[in-house]
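S.K.: Curious how this folds, go ahead:
(one chain, ligands or ions: 1)
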Amino acid sequence: MADKQYKQLGCLDVQPGGGCGFQVRTETEAELMQLVATHAKQCHKLDSIPPEMVAKVQAAVKTVTVAV
Ligand SMILES: [Zn+2]
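M.R.: Numbers count the residues shown, from 1 in each chain. Here you go, the predicted structure:
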């Protein structure tokens, strides 16, 4: 048993009341931003994430510890 740290973010953390249940958990923030960008494109029709939303996303990222 060991503890591993992950970055976690849900769409609702960025857009409360947005009604999107998308959630990601990755090992690095870079990976997370990539998945968020893909999701934003596919589900929210955002070809690129506006800078103010990037800031929101980064502020909302949580670090969670998971026992593996
Ligand atoms: Zn979403």
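
S.K.: does the residue minimising distance to the centre of the chain sit in a helix or strand, and which one?
M.R.: Per CA atoms, centre = their mean, the C-alpha nearest to the average position across the chain is that of residue 9, at 3.5 Å. Secondary structure from DSSP states H and E places residue 9 in strand 3-10.

S.K.: Going by contacts, tell me the helices and strands next to the longest helix anywhere in the chain.
M.R.: Identified as the longest helix of the chain according to DSSP state H is helix 29-44. Packing partners of helix 29-44 (3 or more CB pairs under 8 Å, 6 or more residues apart in numbering; DSSP states H and E): strand 3-10, strand 23-26, helix 51-60. Where you see a C-beta, it was placed from the backbone N, CA and C, and this is true even at glycine.

S.K.: so for it, what's the average pLDDT?
M.R.: Across helix 29-44, pLDDT averages out at 96.

S.K.: what does stretch 17-24 give?
M.R.: Stretch 17-24 comes out at a mean pLDDT of 95.

S.K.: okay, the longest helix of the chain in PDB with CA atoms only?
M.R.: In PDB, the C-alpha atoms belonging to helix 29-44 read as follows (Å, rounded to 0.1, in the frame of the first residue of the first chain):
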ATOM      1  CA  GLU A  29      -1.500  19.200 -14.100                       C
ATOM      2  CA  ALA A  30      -0.200  19.300 -17.700                       C
ATOM      3  CA  GLU A  31      -2.000  16.000 -18.400                       C
ATOM      4  CA  LEU A  32      -5.100  17.400 -16.700                       C
ATOM      5  CA  MET A  33      -5.100  20.600 -18.700                       C
ATOM      6  CA  GLN A  34      -4.900  18.500 -21.900                       C
ATOM      7  CA  LEU A  35      -7.900  16.400 -21.000                       C
ATOM      8  CA  VAL A  36      -9.800  19.500 -20.000                       C
ATOM      9  CA  ALA A  37      -9.100  21.100 -23.300                       C
ATOM     10  CA  THR A  38     -10.200  18.000 -25.200                       C
ATOM     11  CA  HIS A  39     -13.400  17.900 -23.100                       C
ATOM     12  CA  ALA A  40     -14.100  21.600 -23.600                       C
ATOM     13  CA  LYS A  41     -13.800  21.100 -27.300                       C
ATOM     14  CA  GLN A  42     -15.900  18.100 -27.600                       C
ATOM     15  CA  CYS A  43     -18.700  18.900 -25.100                       C
ATOM     16  CA  HIS A  44     -18.600  22.700 -24.800                       C
END
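
S.K.: Cool, thanks, talk later.
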